[in-house]
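*Asks:* After the sequence you'll find the predicted model.
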Amino acid sequence: MKLVSSFFSTPKKGGHPRENEDHFFPHEAEVRRSRVSVAIADGASEGYMSRLWSKILTISYVNFDRMDLDVRRFTDFCVDIYDYQMERYVQGRMERGSPLRWFEENLMNKGSFSTLLGVTYVHSSPEGGHWVAYSVGDCCLFQLRGELIDVFPVMDSSGFGNSPDLISSNPAYNVELESRVKVKTGRFRFGDTFYLMTDAIAHWFVTEIAVGEEPWRDVDMFLGSDNPGLLGYIDRLRVENRLKNDDVTIARVSLLEE
Amino acid sequence: MYTAEISRGNPTCFLFLIDQSGSMEDPFGGDTTGSKSEAVADAINRLLQNLVLRCAKAEGIRDYFYVGVIGYGVKVGPAFGGDLSGEDLVPISTIGDQPLMIEERTQKVPDGAGGIVEQEVKFPVWFEPVAKGPTPMKQALKKAENVLLGWLDGHPDCFPPVVINISDGEPTDGDPSQVADSIMRLESSDGNVLLFNLHLSSSRDPPVEFSDSKDDLPDEFARLLFDMSSVLPEKIRLEAESEGFEVTDESRGFIFNSDMVKVIQFLDIGTRATNLR
């Protein structure tokens, strides 16, 4: 099975690329395996090192690459990596003579927060296979076979707010994690396309679909071939107040027969 | 209305009015160990800390907010000390960088296994308790109105400024209602200025949060501050509701003997970590 992907990620208008707290993984345009995982995450604006945390979550999900994800074990694994990275970061700051300031210490005690949507595809039949998706928060998946055939998590326009469910790097805030995890399984045929996206652009997708539009057609014109064009398109949506000014990440994943 | 983005390019303004009058020496909430002036200092320090934390990232503090603190007691005017002395409005990054001192306090936090543990946290202090002189609340509101006029002149499209008055509600310079009304009539293109009141009382009456009626309030001072408080805009009301507060269309930004920190958390500057509730 061949998984072909393109992705685009941009910070909110007025923000620097290093302030973009979204993350998508993997970055390879093509992966050939019988089982492949992809993941997207949106680090919370409030919170320390959200960019690092969303990166750890997505990379770890892809490396776990499991149909039967043990969310607790997965999160513990990610927290260990995060703690190690933070220890190195704090040590580095000390060595550079720039110790953490009071607000950094207080924020670090609270931890980092992020949404996560991970999908694992398995080649299991001559025509295609099946997939399982795990989601915490409001990143969305749209499955297309010429037309839209599935959305996960199912959300209407009102389902997007500024306080989604989140995974924390601080175990104290993950006590109710299992109740926040949504799981969905489905089947794919070779040739199917999946869009994974963070909340702002997903909200726009959902709104457009609700009025009979096919927003993926506009995105397809640019994604993977004309990133400046896509950025211009996104900027126009923002100016027209059709898209919230937030970090935007869109990934297109196609499953093909080898 | 009340939908303007709060960003570094389009910041909004918080103005705190803190009662530093002699009556603030009285005990707070019927407590014999703490005074109202201590409660005010604690409230303003925690409000400022929360504003800073909402804007702080590893690379620094983003200036989503400009903040002013007007004290009223022996005199009326900007209340920051040290290098910020005399400033009407200060970027939140400057406030974060310049507390008067940083105390170590212990905080009870969940341990992740259903229990509670104590954790050391930094508690920055910008204001220490002051209780001296009369209560010129009307003058303080007038001063606030002037500061707001200047801010709105330079930021006509900002999320409407928020004014938080922290007091025991016993003005000595006449009825402040008219000035309060003038403040609530000021507007940006996104809506009217919001005036909220945190009433710290010596009374043992139970706390009141975002009430929609003054009928159950314990005294005339509470009722005065209730009347001087803006009705919560829909967006803030929905945030309050989702946090478990009982609110109605008529709920006001009035808190009696409780905590105002939640109010500033209801303003949208990005994804909030509600796990922290």
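*Replies:* Ah, there it is.
*Asks:* contacts and neighbour counts: CA atoms only from here.
*Replies:* OK.
*Asks:* State the phi and psi torsions of the closest residue to chain A within the stretch 1-150 of chain B.
*Replies:* Proximity to chain A, evaluated over the stretch 1-150 of chain B using C-alpha to the nearest C-alpha, is greatest for residue B:112 at 3.4 Å. When read as degrees, to the nearest 10, the backbone of residue B:112 gives phi 90, psi -10.
*Asks:* quick one: contacts for the closest residue to chain B within the stretch 101-250 of chain A?
*Replies:* When scored by C-alpha to the nearest C-alpha, the stretch 101-250 of chain A has residue A:172 as its residue closest to chain B, at 3.4 Å. Under the criterion of C-alpha atoms under 8 Å, 6 or more residues apart in numbering or on different chains, the neighbours of residue A:172 are B:110-113.
*Asks:* swap the cut-off to 10 Å and go again
*Replies:* The contact partners of residue A:172, by C-alpha atoms under 10 Å, 6 or more residues apart in numbering or on different chains, come to A:110-111, B:109-116, B:275-276.
*Asks:* Help me confirm that it is found in a helix?
*Replies:* Yes: the assignment for residue A:172 by DSSP: H, G, I helix; E, B strand; the rest coil puts it in a helix.
*Asks:* At the geometric centre of the chain, which residue sits there?
*Replies:* If you meant another chain, say so; for now it's chain A. residue A:40 (1.8 Å; C-alpha atoms, centre = their mean).
*Asks:* was after chain B, sorry
*Replies:* Geometric middle of chain B (C-alpha atoms, centre = their mean) lands on residue B:164, at 3.9 Å.
*Asks:* any bit of stretch B:94-110 sitting next to chain A?
*Replies:* Yes: counting by C-alpha under 10 Å from any C-alpha of the partner chain, chain A is contacted by stretch B:94-110 at B:96-97, B:99, B:102-103, B:109-110.
*Asks:* picking that back up, the residue nearest to the centre of chain A touches residue A:8, doesn't it?
*Replies:* No: checked against C-alpha atoms under 10 Å, the pair residue A:40 and residue A:8 is beyond contact range at 11.5 Å.
*Asks:* what residues are shared contacts of these two?
*Replies:* Counting by C-alpha under 10 Å, 6+ apart, the residues touching both residue A:40 and residue A:8 are A:23-24, A:197, A:249-251.
*Asks:* Sort out for me which of the residues you listed are in helices.
*Replies:* Among the shared contacts of residue A:40 and residue A:8, DSSP state H puts none in helices.
*Asks:* Mind checking which of the residues you listed are in strands?
*Replies:* Within the shared contacts of residue A:40 and residue A:8, residues falling in strands by DSSP state E are A:23-24, A:197, A:249-251.
*Asks:* As CSV, those residues with pLDDT, distance to chain B and neighbour count would be great.
*Replies:* Formatted as CSV, those follow (pLDDT from 0 to 100; distance: C-alpha to the nearest C-alpha, whole Å; neighbours: other C-alpha atoms under 10 Å in any protein chain shown):
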residue, pLDDT, distance to chain B, neighbour count
A:23, 97, 15, 30
A:24, 97, 18, 28
A:197, 97, 16, 31
A:249, 97, 15, 26
A:250, 97, 18, 25
A:251, 97, 21, 23
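*Asks:* re earlier: which residues are in contact with the residue nearest to the centre of chain B?
*Replies:* For residue B:164, the contact set (C-alpha under 10 Å, 6+ apart) comprises B:14-18, B:44, B:47, B:69, B:194-198, B:229, B:253-254, B:260, B:263-264.
*Asks:* can you check residue A:53 too?
*Replies:* Listed by C-alpha under 10 Å, 6+ apart, the contact partners of residue A:53 are A:21-23, A:41-44, A:47, A:78-79, A:81-82, A:85, A:111-115, A:167-169.
*Asks:* Specify the local secondary structure of it.
*Replies:* Reducing the assignment at residue A:53 to three states with three-state DSSP gives helix.
*Asks:* which residues of the chain fall in helices?
*Replies:* Using chain A here. Here chain A has its helices, by DSSP H, at A:50-64, A:71-95, A:102-110, A:177-180, A:199-210, A:215-222, A:227-239.
*Asks:* That was the other one, I meant chain B.
*Replies:* Using DSSP H, helices in chain B cover B:36-55, B:92-97, B:137-154, B:177-185, B:220-227, B:234-242, B:261-265.
*Asks:* May I see the buried residues of the fifth one?
*Replies:* Residues of helix B:220-227 classed as buried by neighbour count (16 or more other C-alpha atoms under 10 Å in any protein chain shown): B:221-227.
*Asks:* what's the closest of those residues to chain A?
*Replies:* Set against chain A, the nearest of the buried residues of helix B:220-227 by C-alpha to the nearest C-alpha is residue B:226 (29.0 Å).
*Asks:* Apart from its chain neighbours, what residue comes closest to the closest one?
*Replies:* Excluding the flanking residues, the one nearest residue B:226 by C-alpha to C-alpha, 6 or more residues apart in numbering or on different chains is residue B:254, at 5.8 Å.
*Asks:* residue contacts, residue A:12?
*Replies:* So residue A:12 contacts A:19-21, A:235, A:238, A:244-248 (C-alpha under 10 Å, 6+ apart).
*Asks:* shaky segments in chain B?
*Replies:* B:30-33, B:260, B:262-277 (pLDDT under 70).
*Asks:* list the contacts for the residue lying farthest from the centre of it?
*Replies:* With C-alpha atoms, centre = their mean as the measure, chain B has its most outlying C-alpha, relative to the mean C-alpha position, at residue B:113: 33.9 Å. Residue B:113 is in contact with A:171-175, counting by C-alpha under 10 Å, 6+ apart.
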